[in-house]
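>>> Here is my input; please provide its structure:
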Amino acid sequence: MGGGPSACTTPWTPPPHVEAGATHPDAGSHGKISTVSPDTEPPLDQPTAARDLAEVPAAEVIASAAVHLMSAAAVKCGLAEPAHTDLDEARKLITALAGLVGAARPDLGVHAAPLRDGLQSLQRAFREASAIPDAPGDGPGERPASRP
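Predicted coordinates:
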């Protein structure tokens, strides 16, 4: 994530609790500082956040982390915009995703198959984007990590 212009073409609209005239948080030091109006809720305190997190099943937390890895890998494979292709970074993300999905497979329940399918789609996209193909079994996430 660089300091360059955002690839998003949709203009940022501040949420209702942000004062009018506020700029996007990524606008940097030249933008106005957004402030919160008095009628908004106070920030979540740690006990409340911990209680909310305690109610989420582990499979949901793992699936959420996997989706973040998938999204980042898709961008790095150039699926969002070819200008953002970074196959070295994509390889790392896909390998991490494969490790997570493989290690958590017995516990993922209904999330296992879609995550596995998404992983395979990313591996195919990586192969297609790569100018120098990996040997069979040597692509990102295709070989189990060796244990130390």
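
>>> and Cys77, how many neighbours does it have?
Applying other Cβ atoms under 10 Å, we find 29 other residues in the vicinity of Cys77. Backbone N, C-alpha and C define where each C-beta goes, glycine included.

>>> Start the count at 15 instead of 1 going forward.
Sure, I'll start numbering at 15, so the last one becomes Cys91.

>>> give me every residue that touches it.
Contact analysis of Cys91 by Cβ atoms under 8 Å, 6 or more residues apart in numbering lists 99, 101, 104, 136, 139-140, 143.

>>> Which residues belonging to the helix or strand of the chain with the lowest mean pLDDT are considered buried?
Within the chain, judged by mean pLDDT, DSSP states H and E, the helix or strand with the poorest mean is helix 60-68; its value is a mean of 77. Applying a neighbour-count criterion of 16 or more other Cβ atoms under 10 Å, one finds nothing buried in helix 60-68.

>>> Measure how the helix or strand just after that helix sits relative to helix 60-68, angle-wise.
Taking DSSP states H and E as the definition, the helix or strand that follows helix 60-68 towards the C-terminus is helix 72-90. Our comparison of helix 72-90 with helix 60-68, counting by axes from the mean of the first three to the mean of the last three Cα atoms, to 10 degrees, yields an angle of 90 degrees.

>>> residues in contact with helix 72-90?
So helix 72-90 is in contact with 67, 94-95, 98-101, 103-104, 107-108, 110-111, 114-115, 118, 121-123, 125, 129, 132-133, 136, 139-140, going by Cβ under 8 Å, 6+ apart.

>>> if you average pLDDT over it, what comes out?
Throughout helix 72-90, pLDDT has a mean value of 95.

>>> In the contacts of Cys91, find the pair that's most separated.
The span of the contacts of Cys91, defined through Cβ to Cβ, is set by Thr99 and Leu136 at 13.2 Å.

>>> Brilliant, that's me finished.
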